[in-house]
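*Asks:* Sharing a model that was predicted from the sequence below.
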Amino acid sequence: MKTVVKIDTETATATPEFEKAALRQESRRGLFLALPAYLYLIFFFVISLFIVFIYSFATRNRFGGTDLSGWNLDSYARISEPIVRDVLFRSVWLAFLTTVICLVIAYPFAYFLSTRRVAVRNIMLVFVMIPFWTNFLVRNFAWRVILGNDGPLTNATEFVGLGSAELLFTQTAVVLGLVYGYLPFMILPLYAAIERIDRRLLEASRDLYGTGLQSFRHVLFPLSMPGVIAGSILVFVPSLGAYVTPEILGGAKTTLLGSYIVTQFLTARNWPFGAALSFVLMLVMLVTTIVYFRKGGRTL
Amino acid sequence: MTSAVELSGITKRFGDVVAVDNVDLSIADGEFFAMLGPSGCGKTTTLRLIAGLEFPTEGSLSIFGQEVGTLTPDKRPVNTVFQNYALFPHLTVLENVGFGLKMQGIDKETIRSRSMEMIELVQLDGLAERKPSQMSGGQQQRVALARALVNQPKVLLLDEPLGALDLKLRQEMQLELKKLQRDVGISFVFVTHDQEEALTMSDRIAVMDDGKLLQVATPEEIYERPANRFVADFIGQTNLLEGTVSDAETVILENGISVRAKNGFIAGTHVAVSLRPERAHIQSQGKFEEGWSHVNGSVETVTYLGNALIYGIKLDWMDLEVREENHPGVELHRPGAEITVSWDPEAISVVSN
């Protein structure tokens, strides 16, 4: 029997037909394996997100319920109100500050880690992750004790004659708490990126008349950019939507977006506005992430 | 005249390990200088000491008379071509080449023109905007050379510069490097484990083993008059015939035969006579050149190389390797043939054990 082999001239590559078929089969099998994860995400994530999206165009009724009728953009319009804008800007600013502080603290540590012997590295990496073994809420309450009026920090500053350090319920306390909470998310990707860099490139830089600082600026830092980007996103995004830490360590004057959204849902019972805020928050995160990746992508 | 590089009493220890052991070395300006030895012999560490990437534990190191032993690499007038090149993957060829000038704070225009000039010199015109990952090994090698030479170093250091290239490209680059060195006129100090490369390229060779400097001499001298057994064995092929010195002219071999061998050892010293395969000659048994030393044996193996024949010879007490050029009309010996191996007493060297 004569077989007719049809060659698609547009996509023809060096790969013979049967190999392509094998690849297709392989990818079908891969899809099957990924199915549980897909279903889970579609059901619990996409659908719930869609519900929130619908609600953001709905109207709050007089009794604190939500009328799924009379669709409008009122909730989105409220974002330009000064109070809401302040909360939004404050959240972005504190998340940015947290990210920068994490980067500055984590970078030298990640570099130090990458220069150790493998056994030492692994032990130190475990130390980095030990805080995760304790409940996040509990750790935040521990910070409350540390920063509190009769806590160790205040006692220490009073002892050396600097007066009482009144940090609790301030923005500083919130940033301290956020940096503490998210530092490991900065350290790990930075370490992974720095560890991959060939040390001889730094030697080459020194050999080519670069000082230590110049070698950092022109060789080490640019080459560690993938880690810087990944770490920054991993810290910035959760900091922006943080709820627990600002709630426990921040005061009434330092309401952040996370708490503000929760208030809309639970106290103010304005679900449409809460939903709209959630979407704006997601938008800010998305835009930041894309811009950051683009910018980083160019320097790579 | 001051030497380009001068090492005196240089020792480098890493913990308990002595990587470089009390080395005295003087490299002249404009010299093509090779450091040769097996891996782990300390040659690369010595190069890194000169570059400033390591600091000596003891001893002093100077470059054109200036003591540099404690200076960091950026303060030394030398540049290095690294093993596997260590090109900056995030920079273009032009930026790689201009890196050293940029670090020195030279203005952009000068950097650009000098870099382009250098890129042309190493025949990479048109590739200035490429990234190293888009280039072949040979091209990367040229970028590494250009990146070092653009800074006009007083000495260029090369760490196994041709190690990553295939044989044909390596031979081409050997000639090119040699030409480049004559053109720029500075001394090139290069590290290699390939004795053939060292012999073909260098003005002088330093042979190292176990952190010690064994011999520093011209390729010819190293080959003809090796300082000791290790050098004789490491450079080229050789047969080492164990023996004892009888007098300044004679060595008694293991089997009791005495052969003529000029030496500088006192009587009774255990030595080895180094007989290069191509210096020995095979004839049917009983025949040998007048005045030559000779021993009887039998042919065990014959390897045909085209331009030459390698004979594996069995003597009563040891095996020998003999190389005969494949001249027209040369007598061919079959395995099992009884033969006499003879050699000119002037063509051997006596080395200490």
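*Replies:* Cool, got the structure.
*Asks:* Return the residues of chain A in contact with chain B.
*Replies:* A:198, A:200-201, A:203-211, A:214, A:218-219, A:222-223, A:299-300 (CB under 8 Å from any CB of the partner chain). Where C-beta positions appear, they are placed from N, C-alpha and C, glycine not excepted.
*Asks:* For chain A, what's its nearest residue on the stretch 51-200 of chain B.
*Replies:* Residue of the stretch 51-200 of chain B nearest chain A, by CB to the nearest CB: B:Gly100 (3.7 Å).
*Asks:* Which segments of the chain make up each domain?
*Replies:* Picked chain A for this. A:1-44, A:78-299 (automatic domain parsing).
*Asks:* Can you look at chain B instead?
*Replies:* If you go by automatic domain parsing, chain B breaks into B:5-226, B:237-352.
*Asks:* Buried deepest among those, which one?
*Replies:* Highest mean neighbour count among the domains of chain B (mean count of other CB atoms under 10 Å in any protein chain shown): domain B:5-226, with a mean of 19.
*Asks:* avg pLDDT for that domain?
*Replies:* Across domain B:5-226, the average pLDDT comes to 94.
*Asks:* Pairing partners for the one residue in the stretch 251-353 of chain B that gets nearest to chain A in the sheet, please.
*Replies:* When scored by CB to the nearest CB, the stretch 251-353 of chain B has B:Val351 as its residue closest to chain A, at 37.7 Å. Counting by DSSP bridges, B:Val351 forms beta bridges with B:Ala272.
*Asks:* Hmm, the residue of the stretch 51-200 of chain B closest to chain A is touching B:Val78, no?
*Replies:* No. Assessed by CB atoms under 8 Å, B:Gly100 is found out of contact with B:Val78, at 11.4 Å.
*Asks:* Leaving out sequence neighbours, find the closest residue to the residue of chain A found nearest chain B.
*Replies:* For chain A and chain B, the shortest gap (CB to the nearest CB) falls at A:Leu208, measuring 3.7 Å. Residue nearest to A:Leu208 in three dimensions, not counting chain neighbours: B:Gly100, with 3.7 Å by CB to CB, 6 or more residues apart in numbering or on different chains.
*Asks:* for that neighbour, what are its contacts?
*Replies:* Applying CB atoms under 8 Å, 6 or more residues apart in numbering or on different chains, we find B:Gly100 in contact with A:208-209, B:79, B:147-148, B:150-151.
*Asks:* Adding secondary structure and distance to B:Arg260, write the residues you listed out as a markdown table.
*Replies:* Below are those laid out as a markdown table (DSSP: H, G, I helix; E, B strand; the rest coil; distance: CB to CB, whole Å):
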| residue | secondary structure | distance to B:Arg260 |
| --- | --- | --- |
| A:Leu208 | coil | 56 |
| A:Tyr209 | coil | 58 |
| B:Asn79 | strand | 50 |
| B:Arg147 | helix | 55 |
| B:Ala148 | helix | 50 |
| B:Val150 | coil | 56 |
| B:Asn151 | coil | 55 |
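*Asks:* now, which of those residues sits nearest A:Phe265?
*Replies:* A:Leu208 (58.5 Å; CB to CB).
*Asks:* What is the burial count for the closest one?
*Replies:* Burial measure for A:Leu208: 29 neighbouring residues, criterion other CB atoms under 10 Å in any protein chain shown.
*Asks:* about what we covered before: the residue of the stretch 251-353 of chain B closest to chain A and B:Gln215, how far apart?
*Replies:* Distance, B:Val351 to B:Gln215, using CB to CB, to the nearest Å: 11 Å.
*Asks:* if I look at the two, which residues touch both of them?
*Replies:* Common neighbours of B:Val351 and B:Gln215 (CB under 8 Å, 6+ apart) are B:226-228, B:231.
*Asks:* contacting residues around the helix or strand containing B:Val207?
*Replies:* Assigned by DSSP states H and E, B:Val207 belongs to strand B:204-209. The contact list for strand B:204-209 (CB under 8 Å, 6+ apart) reads B:23, B:25, B:31-38, B:41-43, B:46, B:198-199, B:213-219, B:222, B:227, B:230-231, B:234-235.
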